[in-house]
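*Asks:* have a look at this fold, sequence not included:
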């Protein structure tokens, strides 16, 4: 199977450059190449394409390997840079390696060329992979540190091995105070069975789903938390411990209690309230109401017993008007009577 290889050749001799490419072809590679001779051409080639390897002659009329190496490294490109010189000079080779070249070969021994390319490409791949892993680890660490949740790690024996800032805030322990100690100090005595059960499940590779529980803060105060526990694996894929994410739910629990209290108070108030409902038998003549026991009661008394209503007495405008003629008539009659007596 032919493998593509992107090769940048810094060489003033077209024939020498072709010899290098032919050596690469003989071992199964299909080189995609470009030859440059000056600093300007090198800069353009580096900007235009990503190269797998750079092969450079040591001395050229308008350019040199040290200058070319400096240009490549100044762009922070982790690409293998191999010097291929017509004459071997030990001092020159040492200086180039110190400056950052990956290898120094002579053109009379090109059998070493492809093994050197493959070795340095693999090494560069490893460096890039490690750099990516380190970058990802730093990014993950930044996420953990900026999280509002407590995030910490424990070994299978319960020893705390990591502790983020939110864990310090929620539990009160600084990292230096708790790392190296057993996580059981966070558990109330009556909840130690939770720790034993969780660690047994972690050893089996199970995830402990989110659960609401309580933990002990430094100083002894209980903190209600929502906890998720997951197994952690080492580089060999074996379970080495557990990661714990805990969220302080003190505020939510307080709001829940206040809501439950309010609902209970409303329920109690409704239970004490008296209501009237259904058909009420009422006498068409005296307007009394028959109660559930068959007794006839005044309307006022019945309503008072079956509701929270309180009656006050007065005269409505219609009744007042209706009563006035009768009162005026009585006054006239009394006046006539007084007159007859006088006479």
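*Replies:* Looks like it arrived, so ask away. Computed from a predicted model, the values in this text were never measured in an experiment.

*Asks:* those helices in this protein, which residues are they?
*Replies:* 14-25, 39-48, 65-74, 90-99, 113-146, 165-171, 175-178, 192-203, 250-272, 299-306, 317-342 (DSSP state H).

*Asks:* and the third one, what's buried?
*Replies:* Neighbour-count burial for helix 65-74 flags 65, 66, 68, 69, 71, 72 (criterion: 16 or more other C-beta atoms under 10 Å). For glycine as for every other residue, the C-beta is placed from the backbone atoms N, C-alpha and C.

*Asks:* one more: the fifth one?
*Replies:* Buried positions in helix 113-146, judged by neighbour count with 16+ other C-beta under 10 Å: 113, 114, 116, 117, 120, 121, 124, 144.

*Asks:* same thing with the shortest one?
*Replies:* For helix 175-178, the buried set under the neighbour-count rule, 16+ other C-beta under 10 Å, comprises residue 178.

*Asks:* what of the second one?
*Replies:* Neighbour counts over helix 39-48 (16+ other C-beta under 10 Å) mark 39, 42, 45, 46 as buried.

*Asks:* who are the packing partners of that helix?
*Replies:* strand 3-10, strand 29-36, helix 65-74 (3 or more C-beta pairs under 8 Å, 6 or more residues apart in numbering; DSSP states H and E).

*Asks:* distance from it to the middle of the chain?
*Replies:* Relative to its chain's centre, helix 39-48 lies at 44 Å (C-alpha atoms, centre = their mean, to the nearest Å).

*Asks:* and it, average pLDDT?
*Replies:* Across helix 39-48, pLDDT averages out at 95.

*Asks:* repeat that for the last one.
*Replies:* Along helix 317-342, the predicted confidence averages to a pLDDT of 58.

*Asks:* same check on the shortest one?
*Replies:* Looking at helix 175-178 alone, the average pLDDT works out to 95.

*Asks:* circling back: and which of the buried residues of helix 113-146 is nearest residue 24?
*Replies:* residue 114 (6.1 Å; C-beta to C-beta).

*Asks:* that closest one reaches residue 25, doesn't it?
*Replies:* No - here residue 114 does not reach residue 25: they are 9.8 Å apart, not a contact under C-beta atoms under 8 Å.

*Asks:* may I see the buried residues of helix 39-48 arranged in TSV, with distance to residue 9 as well?
*Replies:* As requested, the buried residues of helix 39-48 are arranged in TSV below (distance: C-beta to C-beta, whole Å):
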residue	distance to residue 9
39	15
42	11
45	10
46	13
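
*Asks:* which one of those residues sits closest to residue 313?
*Replies:* When the buried residues of helix 39-48 are compared for distance to residue 313 (C-beta to C-beta), residue 46 wins out at 105.0 Å.

*Asks:* which residues does that closest one contact?
*Replies:* Applying C-beta atoms under 8 Å, 6 or more residues apart in numbering, we find residue 46 in contact with 8, 71, 72, 75, 77.

*Asks:* how near is it to residue 65?
*Replies:* 15 Å (C-beta to C-beta, to the nearest Å).

*Asks:* so for the residue most central in space within the chain, what's the nearest residue that isn't a sequence neighbour?
*Replies:* Nearest to the mean C-alpha position of the chain, counting by C-alpha atoms, centre = their mean, stands residue 147 at 6.7 Å. Of all residues not flanking residue 147 in the chain, residue 166 sits nearest, at 5.8 Å (C-beta to C-beta, 6 or more residues apart in numbering).

*Asks:* grab the longest strand from the protein for me.
*Replies:* strand 222-233 (DSSP state E).

*Asks:* contact partners of that one?
*Replies:* 150, 153, 170-171, 188, 198, 202, 205-217, 239-250, 253.

*Asks:* kindly report the same for stretch 71-80.
*Replies:* Under C-beta under 8 Å, 6+ apart, the answer for stretch 71-80 is 39, 42-43, 46, 51-54, 81, 100, 102-103, 117, 120-121, 123-124, 127-128, 131.
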